[in-house]
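[1] have a look at this prediction, sequence included:
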Amino acid sequence: MGNYSSGARAEVPQSRFKGVYFVLGGRWEAKITYRSKSKHIGTFDSEEEAARAFDARARYLGVPERCNYDDRGMIM
C-alpha cells in the first residue's frame, strides 16, 4: 500500500506585499532580488514586519521604487 493523499492540499497564505512569502512554521520570509541575485533578508512573525524589512533593504540598496510602504508608512 502506498502513501496516498486525498488530493486536498492545505491552503498556503499568499502575501499582499512584494518580496514576502509564507514559510512552514507559520512565519513570513522576506527576500529581495538585486542584480540578478536573490538575497534572504530574514523570517518574521508577521507579514507586515517582513514587508518593512524588505523596504529597509530596498532603500539601502538604492531601489526605493520597489518598496511596499511610502515614506509616511502608507501602503503603496
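    Perfect, I can see it now. Everything numeric here is computed off the predicted structure, so don't read it as measured data.
[2] please count neighbours and contacts with C-alpha atoms only from this point.
    OK.
[3] so the residue nearest to the spatial centre of the chain bridges to which residues?
    Nearest to the mean C-alpha position of the chain, by CA atoms, centre = their mean, lies residue 20 at 0.9 Å. On the basis of DSSP bridges, residue 20 is bridged to residue 30.
[4] please shift the residue numbers so they start at 639 in all later answers.
    Got it, first residue is 639 now, which makes that one residue 658.
[5] that one touches residue 689, doesn't it?
    Yes - counting by CA atoms under 8 Å, residue 689 is a contact partner of residue 658 at 6.2 Å.
[6] who touches both of the two?
    residue 668 (CA atoms under 8 Å, 6 or more residues apart in numbering).
[7] about what we covered before: and the residue nearest to the centre of the chain, what is it in contact with?
    666, 667, 668, 669, 685, 688, 689, 692.
[8] which of these sit farthest apart?
    669 and 685 (12.4 Å; CA to CA).
[9] on that earlier part again, of the contacts of residue 658, closest to residue 653?
    Using CA to CA, these come closest to residue 653 at residue 685, 7.0 Å.
[10] phi, psi of that closest one?
    Per-residue torsions, residue 685: phi -60, psi -40 (degrees, to the nearest 10).
[11] let me know the pLDDT of the residue nearest to the centre of the chain.
    The score at residue 658 is 98. That number is its pLDDT.
[12] gap between it and residue 646?
    25 Å (CA to CA, to the nearest Å).
[13] could you pull out the strands in this structure for me?
    658-661, 665-672, 675-682 (DSSP state E).
[14] restricting to C-alpha, output stretch 690-703 in CSV.
    C-alpha atoms of stretch 690-703 as CSV (Å, rounded to 0.1, in the frame of the first residue of the first chain):
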residue,chain,number,x,y,z
ARG,A,690,9.0,46.6,6.4
ALA,A,691,12.3,44.6,6.4
PHE,A,692,12.0,44.3,2.6
ASP,A,693,11.5,48.0,2.3
ALA,A,694,14.5,48.8,4.5
ARG,A,695,16.7,46.6,2.4
ALA,A,696,15.3,48.1,-0.9
ARG,A,697,16.1,51.6,0.4
TYR,A,698,19.6,50.5,1.5
LEU,A,699,20.2,49.1,-2.0
GLY,A,700,19.0,52.3,-3.6
VAL,A,701,15.8,50.9,-5.2
PRO,A,702,13.1,52.6,-3.2
GLU,A,703,10.6,52.2,-6.0
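[15] many thanks, I have nothing further to ask.
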